[in-house]
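Colleague: quick one, fold the following:
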Amino acid sequence: MTDLPKVPSDSPLGGPFALVTVYALYKIYPKFDYQKLLTPQGTHRWQLWLQLERSDGVGFALLLDMIENLLQLDWKHDPSLQDCVNKTCNGGKPIAGPLLVPHGLADTDLDPETTDQAIQATYTAYPSSQLRFETWDDVTHDGLMSASPKLWLQWISD
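Modeller: All right, here's what the predicted structure looks like:
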């Protein structure tokens, strides 16, 4: 999971990441009060989605068009969010075993430089980490699974 509180406020990914996180909190923590994170307009849309009893895609469609006004200003300080991030964030921690990190260099969803920086930071903080960072030219985020199975299947078999 992305360390959502660290995503810059002006990032175009901040809102969608926040929406997915609120959804995860709602599903994982039965006592989570989504109204603590959502604005009154966001709460109204969320409740409409729950009343419609439709798929996740419908919910995201209802909420994404108002992403700029979805969250309260202090949402990043919510204790449930902090607990979820601490339990699920995958950065800044030692790696228990070998880890293959494939990345397409034409990825427009996740900047390859960001991934490279995270790998280097992990090596610096945890020099004994067993990481392998592989890249593919002209491969996008979605195309990576089709472009890389030979490598990751070999990695799994080793």
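
Colleague: what's the burial count for the residue nearest to residue 139 when sequence neighbours are not counted?
Modeller: The shortest distance from residue 139 to any non-neighbouring residue, by Cβ to Cβ, 6 or more residues apart in numbering, is to residue 104 (3.2 Å). For glycine as for every other residue, the C-beta is placed from the backbone atoms N, C-alpha and C. Residue 104 has 22 neighbours, counted by other Cβ atoms under 10 Å.

Colleague: with the one 5 residues further on instead?
Modeller: Residues contacting residue 109 under the criterion other Cβ under 10 Å number 9.

Colleague: on that earlier part again, hmm, residue 136 and the residue nearest to residue 139 touching each other?
Modeller: Yes. Residue 104 is in contact with residue 136 according to Cβ atoms under 8 Å; the separation is 5.1 Å.

Colleague: which neighbours do the two share?
Modeller: Listed as contacting both residue 104 and residue 136 by Cβ atoms under 8 Å, 6 or more residues apart in numbering are 144, 147.

Colleague: show me the helices in this structure, by range?
Modeller: Taking DSSP state H as the test, the helices found in the chain are 14-28, 40-52, 56-64, 79-88, 112-125, 144-147, 149-157.

Colleague: out of the ones you listed, deepest packed?
Modeller: Of all those, helix 14-28 carries the top mean neighbour count, a mean of 18, counting by mean count of other Cβ atoms under 10 Å.

Colleague: how is this structure carved up into domains?
Modeller: Segmentation of the chain into domains, based on automatic domain parsing, reads 4-88, 99-157.

Colleague: where's the first one relative to the chain centroid, distance-wise?
Modeller: Read it as domain 4-88. Using Cα atoms, centre = their mean, to the nearest Å, the distance from the centre of domain 4-88 to the centre of the chain it belongs to is 12 Å.

Colleague: pLDDT at residue 131, what is it?
Modeller: Per-residue confidence (pLDDT) for residue 131: 87.
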